[in-house]
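**Student:** For reference, the sequence and a predicted model appear below.
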Amino acid sequence: MRPTSAHTDLLDDIRLAGYYPELVADVIDLALAGEDVVAHLLQPETTFDDAEVRRHLTAMVLTSRRLVVAHVDDQVVEGSLTALASTEAVPLREMRSVVITQGFTDPAASGGSRRRDITISLGWGAVQRIDLEPAGCADPSCDADHGLTGSATPDDLVIRVSAEAEGEAALTGAVTFARALSAATSRA
């Protein structure tokens, strides 16, 4: 793969995230299979569980043809710390939905409001979230069982970036990635 500025930026951000940078770079490189990087978004996460610290990294890497999603997690196996990495490469033509939700402060302010967070929800059909609730009818005295009603929503990946939690630079990076992803999927 020839180094591009987007690829160099990805590697710099992987190093900055500080979560097994060589491992993460290797996992992503394998999944990219030589394709050039167009844009990327990394989301490192740290959680605390039963007095243990666990780390996780989600990486979304956009190429001209695919979206590569990588997840790397800490795992404890037989008392030893290990890492588990998985990747999924989704052809852009298979992307079914890209939902971008943005939060703004002071929406009526002159000169424009200020973006505070962005949530990128992606669906390509691998995972569906099903929300069910009891069905009913309009008759308030009816006590019949009307079964269930609900909805199925694509829910393959949801990433939220907040200026308060991750900082303004991370929010700007997420907006840049969302813009590139929207443009790429509109052409696919």
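**Tutor:** Nice, I can see it.
**Student:** List the contacts of Glu94.
**Tutor:** Counting by Cβ atoms under 8 Å, 6 or more residues apart in numbering, Glu94 touches Trp124, Gly125. For glycine as for every other residue, the C-beta is placed from the backbone atoms N, C-alpha and C.
**Student:** Recalculate using a threshold of 10 Å.
**Tutor:** Contact analysis of Glu94 by Cβ atoms under 10 Å, 6 or more residues apart in numbering lists Arg66, Leu67, Trp124, Gly125, Ala126, Thr185, Ala188.
**Student:** Repeat that for Asp12.
**Tutor:** Neighbouring residues of Asp12 by Cβ under 10 Å, 6+ apart: Pro21.
**Student:** Residue numbering should commence at 326 henceforth.
**Tutor:** Okay, using 326 as the starting number, the last item reads as Asp337.
**Student:** What residues of the helix or strand harbouring it count as buried?
**Tutor:** Following DSSP states H and E, one finds Asp337 within helix 330-342. Buried residues in helix 330-342, counted by 16 or more other Cβ atoms under 10 Å: Ala331, His332, Leu335, Leu336, Asp338, Ile339, Ala342.
**Student:** Same check on stretch 443-453?
**Tutor:** Those would be Ile443, Thr444, Ile445, Ser446, Leu447, Gly448, Trp449, for stretch 443-453 by 16+ other Cβ under 10 Å.
**Student:** again with stretch 374-384
**Tutor:** Buried residues in stretch 374-384 (16+ other Cβ under 10 Å): Arg380, Leu382, Thr383, Ala384.
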